[in-house]
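[1] Got a sequence here, can you build the structure:
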Amino acid sequence: MFFKTIKRSKKSSIRIGKIFTKHGTVTTPTFMPVGTKGTVKSISPDELKKIGCQIILANTYHLYLRPGVAVIKKAGGLHKFIRWSDPILTDSGGFQVFSLTKNSKSQKKNLVKIQDNGVIFHSHLDGTKHFFTPEKVISIQKNLGSDIIMPLDICLPANKSITQHQRAVELTLKWAKKSKQALAKIKNPPALFGIIQGGINPALRKYCAQELIKIGFDGYAIGGLSVGESKKDLWKIVKLLDKILPQNKPRYLMGVGEPEDLIAAGKLAMDMFDCVLPTRLARHGVAWTSQNWQKFQKLDFRKSKFKNDFSPIMKNCHCDTCKNGFSKSYLSHLIREKEILGLKLLSIHNLWLIQNLMNKIRQSV
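    Got it, this is the predicted structure:
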């Protein structure tokens, strides 16, 4: 992977860049739709490309459990398996290990056990026991054929104690070193990003970032935000890291997806984003709309007030949902009747709005 800054704004830290990978070039800032299990819910690869998506994200934890790495490798890698020819970023699965196993079908109370060399966890599907090490997570993602991969880390909620966050940072750094060492043994390796943890403590965040920079990675991700902290604390950390992270490497703000937050993050030189919000909101009957691309609102089509509203979701919107004349009235009918077409049409609109917002941010430079 190679990253190049094309242009910088004179008014803020926002910049336009290009990430070059073996499966194509990504222009930044960019938003990655989340294809957790190898699919962006209800949207085909061709539709994603038509919407303007350049890169998608898939989840190591989920794909490891089902269908399994052996199946995907036998299919020729994740790109061929899901019929997506453009770049793919896979996360390490660390967040899912610590969050999903709380709802595991296993009857055991101790579902996750952190050790110095990895984490023992139980599948949320059937309660079976597994062990992720930094080296194993790298190997899994290499076999998936990802373009950009993430190391195993520990992502804690914001409300955990400073002692717990210190422990998480030290293990995240230790595992980051092991991940890079494991990657060095692979021929034609994918790009590896370091993940900055540390909760909302500026000193811990600064320490974690500086230590990761010493190790050296192809890019740097800010993890552990949007996990319960206030927006004030979130932006305090992002502003701090904007001043610390190297200018010649891409920056990935993980899990942030509200339109206003993407605009603010872009102004702080964040290059990559991912979030489940566009399709998750759609599955709950909600669509974003905006008149000036600065302020956004949510329309809830579960409400009957749209029954006689025959206008599209958003005026001058060029997504297939609005362009083809699907009205608020019809969309509300589909959502209230729990028809699959409704969530698909809202997903198309929400993804298009976010991708078009990325275009607006790039054009603003």
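[2] Touching the helix or strand where residue 62 lies from outside, list them.
    Assigned by DSSP states H and E, residue 62 falls within helix 60-65. Here helix 60-65 makes contact (CB atoms under 8 Å, 6 or more residues apart in numbering) with 36-38, 69, 72, 78, 90-94, 96-97, 100, 123, 125, 130, 137, 140-141, 144, 150. (Glycine included, C-beta is placed from N, CA and C.)
[3] Buried among those? Make that a PyMOL selection.
    Of these, the buried ones go into a single PyMOL selection, burial set by 16 or more other CB atoms under 10 Å:
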select buried, resi 36+37+38+69+72+78+90+91+92+93+94+96+97+100+123+130+137+140+141+144+150
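[4] can you pull out the helices in the stretch 1-150 of the chain?
    45-51, 60-65, 69-74, 78-82, 94-99, 134-144 (DSSP state H, counting those that start in this stretch).
[5] Which residues outside the lowest-mean-pLDDT helix or strand in the chain are in contact with it?
    Between all helices and strands in the chain, the lowest mean by mean pLDDT, DSSP states H and E belongs to helix 94-99, at a mean of 79. Helix 94-99 has contacts (CB under 8 Å, 6+ apart) with 59, 61-62, 112, 119, 121, 132, 137, 150, 152-156, 223.
[6] And the furthest pair within the residues you listed?
    The distance between the two most remote of the contacts of helix 94-99 (CB to CB) is 20.9 Å, for 62 and 156.
[7] Could you list the low-pLDDT ranges of the stretch 51-200 of the chain?
    Along the stretch 51-200 of the chain, the model assigns pLDDT under 70 to residues 100-110.
[8] at 80 instead, please
    Residues of the stretch 51-200 of the chain that meet the criterion pLDDT under 80 lie in 97-111.
[9] contacting residues around the residue nearest to residue 21 when sequence neighbours are not counted?
    Nearest residue to residue 21 in three dimensions, chain neighbours excluded: residue 147, at 4.1 Å (CB to CB, 6 or more residues apart in numbering). Going by CB under 8 Å, 6+ apart, residue 147 touches 1, 21-23, 55, 87-89, 190-191.
[10] what domains does the record give for the chain?
    For the chain, automatic domain parsing gives the domain ranges 2-275, 283-353.
[11] The shortest one - what's its average pLDDT?
    Confidence over domain 283-353 (mean pLDDT, whole number) is 97.
[12] From the chain's centre, how far out is the strand or helix carrying residue 194? Work that out for me.
    In this structure, residue 194 sits in strand 191-196 according to DSSP H and E. Distance of strand 191-196 from its chain centroid, counting by CA atoms, centre = their mean, to the nearest Å, is 13 Å.
[13] Which strands or helices does it pack on?
    strand 148-149, helix 162-184, helix 202-215, strand 219-222 (3 or more CB pairs under 8 Å, 6 or more residues apart in numbering; DSSP states H and E).
[14] between the third one and helix 162-184, how many degrees?
    Angular relation of helix 202-215 and helix 162-184 on a 0 to 180 degree scale: 10 degrees, by axes from the mean of the first three to the mean of the last three CA atoms, to 10 degrees.
[15] residues in contact with helix 202-215?
    So helix 202-215 is contacted by 162, 165-166, 169, 172-173, 176-177, 180, 194-199, 220, 236-237, 240-241, 244-246 (CB under 8 Å, 6+ apart).
[16] before we move on, the earlier item: closest one of the contacts of helix 94-99 to residue 317?
    Taking CB to CB as the measure, residue 317 sits nearest to residue 59 out of the contacts of helix 94-99, at 29.8 Å.
[17] Hmm, that closest one is touching residue 40, no?
    No - using CB atoms under 8 Å, residue 59 makes no contact with residue 40, being 11.9 Å away.
[18] about what we covered before: how about the helices and strands packed on strand 191-196, which one is nearest residue 5?
    The nearest among the helices and strands packed on strand 191-196, by CB to CB, is strand 219-222 at 12.8 Å.
[19] Convert the C-alpha atoms of the closest one to CSV, please.
    Only the C-alpha atoms of strand 219-222 are listed here, as CSV (Å, rounded to 0.1, in the frame of the first residue of the first chain):
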residue,chain,number,x,y,z
GLY,A,219,-1.4,3.8,8.6
TYR,A,220,-2.9,4.7,12.0
ALA,A,221,-6.4,4.1,13.3
ILE,A,222,-8.1,5.7,16.2
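[20] Output the contacting helices and strands for that strand.
    Judged by 3+ CB pairs under 8 Å, 6+ apart, strand 219-222 is in contact with strand 191-196, helix 202-215, helix 231-244, strand 251-253.
[21] related to what we said a few turns ago, adjacent strands (with direction) for the strand holding residue 194?
    Sheet pairing for strand 191-196, assigned by DSSP bridges, gives strand 148-149 (parallel), strand 219-222 (parallel).
[22] tell me the most buried of those?
    strand 148-149 (a mean of 26; mean count of other CB atoms under 10 Å).
[23] right, and residue 272 touches residue 252 too?
    Yes - taking contacts as CB under 8 Å, residue 272 lies within contact range of residue 252: 4.0 Å.
[24] Which neighbours do these two have in common?
    Joint contacts of residue 272 and residue 252 (CB under 8 Å, 6+ apart) are residue 219.
[25] among the helices and strands packed on strand 219-222, which is nearest residue 284?
    Residue 284 lies closest to helix 231-244 among the helices and strands packed on strand 219-222, at 21.7 Å (CB to CB).
[26] for the closest one, which positions count as buried?
    233-234, 237-238, 240-242.
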